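1. any chance you can model this:
(chains A and B)
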Protein chains: 2
Amino acid sequence: MSTSLLDELTQALQCLPSVGPKSAQRMVYHLLDKNRQGALKLSNVLERAVHEIGHCKQCRTFTESDLCHLCVNEKRNSNGVICVVEMPVDVLAIEQTALFSGTYFVLMGHLSPLDGVGPDQLGLNLLESQLSSGHINEVILATNPTVEGEATAYYIAEMSKKFNIKVSRIAHGVPVGGELEFVDSTTLSHSFSGRSEI
Amino acid sequence: MSTSLLDELTQALQCLPSVGPKSAQRMVYHLLDKNRQGALKLSNVLERAVHEIGHCKQCRTFTESDLCHLCVNEKRNSNGVICVVEMPVDVLAIEQTALFSGTYFVLMGHLSPLDGVGPDQLGLNLLESQLSSGHINEVILATNPTVEGEATAYYIAEMSKKFNIKVSRIAHGVPVGGELEFVDSTTLSHSFSGRSEI
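-> Here you go, the predicted structure:
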């Protein structure tokens, strides 16, 4: 069958999230017709990325070095604050605020016993050894405000308290620019219980 | 900078149509976290496709062989009918109807002098040599019903008439299952002028 390589490529492209048969086909024809150079480049970078990108030894985010560019920063390390997030994208989001100057710890997920994700899968032993070093003053829990995220935050809070480390959770409430009438009641109740004096 | 390979991959993924920085980032994390095997496979197939897939010597569609699987079919060749379409996807669409049993000719675009696309870029000399062979009885023009598509159809019709070959254009009208009130007036006027007796 002479179209097999086309079919194979259409199939292979569907490993990308939210790419189905139709968009994969569109991608195939676009690449072959208009951008063979870009396709070759993508093939090359993809292979290198899969082989070279691993996890940071300190914060577990994706990096091609032993330590990520945030963890090699001495100033951040000496800050004594660790911010715990679920995914590497969360690090990017927080970095964009330019407000946080400590280091991160990326769980790469949340506690989910039914899916076989326990403390070991989240690297919590690595976090524990960092907490026990005595250099950490505060742990900021920035996991997602979902049931699993809250459970994970609670677990890490308990762990941190063993070492007498201050633990805080990021505030949940009405988003800036949002309108009260469109905010769900759980968020609204959070914003009431977490109110601050002015 | 330790994130460079991640950035490079995010950049490279944007060669895919309708993939911007945000979706590229999502793809990167998805592949690295959940599907490194799929990413390697994609890298490999992509490279092979770019190097091995060329154009069919007879109909110009994409294929990894000299002739595509439709053009090697003797039965189709002896049918004496050529259907002219703009893109390889059009071939797939027509093949799905299972109504056409001749061969195709894929223009890989339409006449568009402003973009530097003339008869040569569409391989019309190749089509002309096929028409002059004397084996062709009919040319069906299935280019898109756009201004450029119509102009291309007209050009090929004139060319075919030189060889006294019957030329037809696919019918344009109200789509089956469509409702009259939602059909644009150009389509509706086509469906009136192209009416057939019952």
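2. from now on I want contacts and neighbour counts done on CA atoms only, so please keep to that.
-> Will do.
3. residues making contact with the helix or strand hosting A:L31?
-> Taking DSSP states H and E as the criterion, A:L31 maps to helix A:21-34. Contact with helix A:21-34 is made by A:6, A:9-11, A:13-14, A:38-39, B:15-17, B:50, B:53, B:88, as judged by Cα atoms under 8 Å, 6 or more residues apart in numbering or on different chains.
4. domain assignment for chain A?
-> Chain A breaks down into these domains under automatic domain parsing: A:4-52, A:73-169.
5. and the pLDDT for A:S193?
-> pLDDT, A:S193: 83.
6. check the burial of it by counting its neighbours.
-> Using other Cα atoms under 10 Å in any protein chain shown, A:S193 has 10 other residues around it.
7. gap between it and A:A171?
-> Per Cα to Cα, to the nearest Å, A:S193 is found 10 Å from A:A171.
8. can you check A:V91 too?
-> According to Cα to Cα, A:V91 and A:A171 sit 17 Å apart.
9. neighbour count winner among the two?
-> Between A:V91 and A:A171, counted using other Cα under 10 Å, A:V91 has the larger neighbour count: 20 against 13.
10. got the buried residues for the helix or strand hosting that one?
-> Under DSSP H and E, the secondary-structure element containing A:V91 is helix A:88-97. Buried residues in helix A:88-97, counted by 16 or more other Cα atoms under 10 Å in any protein chain shown: A:88, A:90-91.
11. report the angle between it and helix B:21-34.
-> Using axes from the mean of the first three to the mean of the last three Cα atoms, to 10 degrees, the direction of helix A:88-97 lies 140 degrees away from that of helix B:21-34.
12. ok now helix A:88-97, how far from the chain's centre?
-> Centre-to-centre, helix A:88-97 and its host chain are 8 Å apart (Cα atoms, centre = their mean, to the nearest Å).
13. what does that helix rub up against?
-> Here helix A:88-97 makes contact (Cα under 8 Å, 6+ apart) with A:61-62, A:85, A:100, A:104, A:106, A:108, B:29.
14. and the helices in chain A?
-> Taking DSSP state H as the criterion, chain A carries its helices at A:4-13, A:21-34, A:36-52, A:74-77, A:88-97, A:124-131, A:147-162, A:185-193.
15. so where's chain A uncertain?
-> Applying pLDDT under 70 to chain A flags the ranges A:1-3.
16. tally up the residues packed near A:D115, please.
-> A:D115 has 7 neighbours, counted by other Cα under 10 Å.
17. which ones are touching the residue nearest the centre of chain A?
-> The centroid of chain A falls nearest to A:M87 when counting by Cα atoms, centre = their mean (1.0 Å). By Cα under 8 Å, 6+ apart, the contact set of A:M87 is A:61, A:106-109.
18. with A:F163 instead?
-> A:F163 makes contact with A:131-132, according to Cα under 8 Å, 6+ apart.
19. go with 10 Å
-> The neighbours of A:F163, taking Cα atoms under 10 Å, 6 or more residues apart in numbering or on different chains as the test, are A:128, A:131-134, A:136-137.
20. and it, how far from chain B?
-> 31 Å (Cα to the nearest Cα, to the nearest Å).
21. which residue is the nearest non-sequential neighbour of the residue of chain A found nearest chain B?
-> Nearest to chain B, among the residues of chain A, is A:S43, at 4.1 Å (Cα to the nearest Cα). Counting by Cα to Cα, 6 or more residues apart in numbering or on different chains, B:S43 is the residue found nearest to A:S43 once chain neighbours are left out, at 4.1 Å.
22. for the one you found, give me its contacts.
-> A:9, A:12-13, A:39-48, A:50, B:37 are the contacts of B:S43 under Cα under 10 Å, 6+ apart.
23. name the member of those residues with the most neighbours.
-> Ranking the contacts of B:S43 using other Cα under 10 Å puts A:L46 first, with 29 neighbours.
24. double-check it against B:L13; I have them as touching.
-> Yes. Taking contacts as Cα atoms under 10 Å, A:L46 lies within contact range of B:L13: 8.9 Å.
25. isn't A:A157 right up against A:T143?
-> No. Counting by Cα under 10 Å, A:A157 stays clear of A:T143, with 11.6 Å between them.
26. look at these two and report which has more neighbours.
-> Neighbours were counted for A:A157 and for A:T143 using other Cα under 10 Å; A:T143 has more, 24 against 19.
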